[in-house]
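**Q** 3D model of this:
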Amino acid sequence: MEKVPDRNARALELDPPSDGKDLRGKVVARALLAAFVLLTMIVYGRNLPQEFAGWDLGAYRAVLDATDPVAMTGGLFMDFKGRIVPGYYAPISSVSLMLDKYLVGYTVAEPSVTAFVNLVFHCINGCLLFLLLSALGADVAFCSIVAFFFLLHPVQVAGVIWFAQRKTVLGAMFCLLSWLSFLRYRDAGSRLHYGLSLLTFELAVLAKPTYVFFPVILLASQVMLPKDRGLGDAGNSSGQLRGWIARLRCEPAILVALVPFFILSAGSALLAMGTEPTDTIDLPWMKRPFILASALWFYAAKIVAPVNLTVVYPLWHVDLSSLRWWVPLAGLLGVTGLLIVFRKRLEDRFFWALAVFLIPILPASGIFKFGHQLHSFVANHFLYFSMIGAGCLMALLAHRVATVSPPLFRHALLVAGIVYLALLVVQTEARTRVWNSTATLWNDNLRQNPGSLTARLILGRLNLDRGKLPEAEDYFLSALKVDSQNAIAFNNLGLIKKMQGRTAEAEELYRKALASNPSLSEAANNLGRIVEGSGRFEEAVSLYRRALEEKPDAPPILLNLAYVLVRANRITEAIEVYRNVIRIGAGSPDVHNNLGVLYMMSGQPDNGIRHFRAALRLDPRLDDARANLEHALKEVSGRPGSPSVNQP
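**A** From the prediction side, this is the model:
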């Protein structure tokens, strides 16, 4: 007798045997998914950013400007202390950002290319999500609502357009692949798919360490959506912790299979905590439940009504003497109580969708310390993976309303739903226009968040880079009104004074910046340039090394240190610094040329010739390197030349 595969096994097949109805359903599903992807590409593609957002650009500068991708890749994977990209260990995402320019044959990073690659990953995630939900038993309507919500909701714009969120979209892609593979393993017992699931999860945390929550998602899915139940099963389910635990006991092999996932998750979490400095963040344990409750209500409101979105929301100052902070916590406890009381009337798939929404967002909602809390306790891009659960909750709500409503009311709700989704698309397109340039993004932030210190600093730096010194000075002075001891504002005001030729005032401002923040490497580096220019070489060396304590692999600082060491006649030390620049993948033609000169000065002509030739391979038009190579070859043949070091 022919064995008939069960429903879950068929759901996991890409092309299962089907009758005409099933075939039509598959065609409709693929057509809808293709339409959603095309619409997403159009909405985002119309407004790809022409500039990097300006935020985090300094942190990723070494990656974006890398000239030796092989050396930089090795350095990123071995950078367990977060030195190349300060405070963060996400080598796969950083390597991906570095490689963008090579995909299109550019020599420098291009913002629109980087955003487009992010967009491609986002669309892939939408397709994987559609397949995942189908594998979990959802019908075409359910999959379509969730995929549309995930791809085209306005809160997703930050996670897609912001270049630094490559880690978000790339990590999500690996998590979805891991989830699909784990389902194959669970339902068919395939060791190959188990290995693929574990491997892609490891890639996910190497892309973004905060995806350590993913094993909890797998565990929740196992207890709430086991093999014999799925998203297509309506009606009352257990809804009880006792029933979920009983399911786990029935399949101990799944629990054992999840152990390596949790081990990898714990290791990645420890690594992330070791690389991201949080000492300056004030987050008392007593205040964390209040922040958590407020954050969850904030996110729920932005999902349902995505208005007044911005890149940095105001930083909350928790005052427990104010009723304003007790109401959200009381409301959250009240909702939790209602869910417990009515748990038997709710479906397991509802609790599953709620878990998929909450699990990714809870760690970033005030429970743990992390760097963004210096600016705000909430952010749109934190919702990226949680939007899967939010979309499922919306789809379940739509299904429940449609099943209990009379036909006339059902049609009215259908029209209202279509209008709502259309408004989401309009708002998403508007948000992509805001992200089009640094000016539009941060002027919008200043309108939405008038007290934004970050916006003032970035807009000031934007005007400074464009040579608009009076406008830049106004922004930095206004930043000091928000934070009177802001080191970045002092440092940038020092840059303005230096550009105006007022070096004494610039030096004073740089020293103020370092007094306010002794670890501000930019201020130490800028002050080093000032004192170097006045001939105080030893102090300059000390300042550059101080700057490198915070950013050990920052190429501009290393180059400044190398040059002043040459001026101080400390040639051997300068050679080591230049070699370090090349080691991290930032060896430009000038770097190789200068290192060649230093080797010549130290009596190592063979090494000098090797680096002159390396410089010419990178830039055949570099006249200095060509001349230095000729001098070196003459010297080797007994006719000395006179090579010279170029200032970075």
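**Q** so where's this protein shaky on pLDDT?
**A** 1-22, 54, 228, 233-243, 246, 249-250, 279, 638-648 (pLDDT under 70).
**Q** report the central residue of it.
**A** The residue lying closest to the centre of the chain (CA atoms, centre = their mean) is Q165, at 2.8 Å.
**Q** give the contact list for that residue.
**A** Q165 makes contact with N118, A158, G159, H381, Y384, according to CB atoms under 8 Å, 6 or more residues apart in numbering. (C-beta placed from N, C-alpha, C; glycine too.)
**Q** please repeat the previous calculation with a cut-off of 10 Å.
**A** 53, 56, 93, 115, 118, 122, 158-159, 171, 208, 380-381, 384 (CB atoms under 10 Å, 6 or more residues apart in numbering).
**Q** switch the residues you listed over to CSV; also include distance to S144 and secondary structure.
**A** Converted to CSV, those look like this (distance: CB to CB, whole Å; DSSP: H, G, I helix; E, B strand; the rest coil):
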residue, distance to S144, secondary structure
A53, 32, coil
D56, 35, coil
S93, 30, helix
A115, 26, helix
N118, 23, helix
H122, 17, helix
A158, 24, helix
G159, 21, helix
G171, 25, helix
K208, 27, coil
N380, 24, helix
H381, 24, helix
Y384, 20, coil
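**Q** the residues you listed, buried ones only, as a PyMOL selection?
**A** Buried residues among the contacts of Q165 (16 or more other CB atoms under 10 Å), as a PyMOL selection:
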select buried, resi 53+56+93+115+118+122+158+159+171+208+380+381+384
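**Q** wait, which of the contacts of Q165 is closest to E276?
**A** Using CB to CB, K208 is the member of the contacts of Q165 that sits closest to E276, with 12.3 Å.
**Q** re earlier: output the contacts of Q165 in JSON lines, with distance to A439 appended to each entry.
**A** Formatted as JSON lines, the contacts of Q165 follow (distance: CB to CB, whole Å):
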{"residue": "A53", "distance to A439": "11"}
{"residue": "D56", "distance to A439": "17"}
{"residue": "S93", "distance to A439": "26"}
{"residue": "A115", "distance to A439": "16"}
{"residue": "N118", "distance to A439": "21"}
{"residue": "H122", "distance to A439": "25"}
{"residue": "A158", "distance to A439": "17"}
{"residue": "G159", "distance to A439": "22"}
{"residue": "G171", "distance to A439": "30"}
{"residue": "K208", "distance to A439": "28"}
{"residue": "N380", "distance to A439": "20"}
{"residue": "H381", "distance to A439": "21"}
{"residue": "Y384", "distance to A439": "25"}
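**Q** for the chain, longest helix please?
**A** helix 407-434 (DSSP state H).
**Q** residues of that helix that come out buried?
**A** Result for helix 407-434 [16+ other CB under 10 Å]: buried residues L424, V425, Q427, T428, E429, R431, T432, V434.
**Q** just the closest of those residues to L527, please.
**A** V434 (36.2 Å).
**Q** let me see the contact set for that closest one.
**A** 47, 49, 157-158, 161, 309-311, 440-445, 448.
**Q** among these, which lie within helices?
**A** Short answer: the contacts of V434 in helices (DSSP H) are V157, A158, I161, T440, L441, W442, N443, D444, N445, Q448.
**Q** what's the helix or strand for A524?
**A** Using DSSP states H and E, A524 falls within helix 521-533.
**Q** buried subset of the contacts of V434, written for ChimeraX?
**A** Only the buried entries of those go into this ChimeraX selection, using 16+ other CB under 10 Å:
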select :47,49,157,158,161,309,310,311,440,441,442,444,445,448
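**Q** looking at the contacts of V434, spot the one nearest I557.
**A** Closest to I557, out of all of the contacts of V434 and judged by CB to CB, is W442, at 26.1 Å.
**Q** what is whichever strand or helix holds D100 packed up against?
**A** Element membership of D100 [criterion: DSSP H and E] is helix 91-103. The contact analysis (3 or more CB pairs under 10 Å, 6 or more residues apart in numbering; DSSP states H and E) places helix 91-103 against helix 61-64, helix 69-78, helix 111-135, helix 166-188, helix 191-207.
**Q** including distance to K227, could those go into TSV?
**A** Formatted as TSV, the helices and strands packed on helix 91-103 follow (distance: least, CB to CB, whole Å):
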stretch	distance to K227
helix 61-64	43
helix 69-78	38
helix 111-135	11
helix 166-188	6
helix 191-207	15
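**Q** state the distance from L76 to G585.
**A** Separation of L76 from G585 (CB to CB, to the nearest Å): 9 Å.
**Q** what of I359?
**A** 37 Å.
**Q** got it, and A220?
**A** 41 Å.
**Q** more neighbours: those two, which one.
**A** Each of A220 and G585 has its neighbours counted (other CB atoms under 10 Å); G585 has more, 24 against 18.
**Q** just give the number of residues close to the residue lying closest to that one once chain neighbours are set aside.
**A** In this structure, G585 finds its nearest non-sequential neighbour in M72, 2.9 Å apart by CB to CB, 6 or more residues apart in numbering. M72 has 27 neighbours, counted by other CB under 10 Å.
**Q** E202 too?
**A** Neighbours of E202 under the rule other CB under 10 Å: 19.
**Q** likewise H592?
**A** Neighbour tally, H592, other CB under 10 Å: 26.
**Q** now L231
**A** Neighbour number of L231 under other CB under 10 Å is 26.
**Q** who are the contact partners of the closest residue to it other than its chain neighbours?
**A** Nearest residue to L231 in three dimensions, chain neighbours excluded: A138, at 3.9 Å (CB to CB, 6+ apart). For A138, the contacting residues are A11, F130, L132, S144, I145, V146, G230, L231, G232, R349, C392, A395, by CB under 10 Å, 6+ apart.
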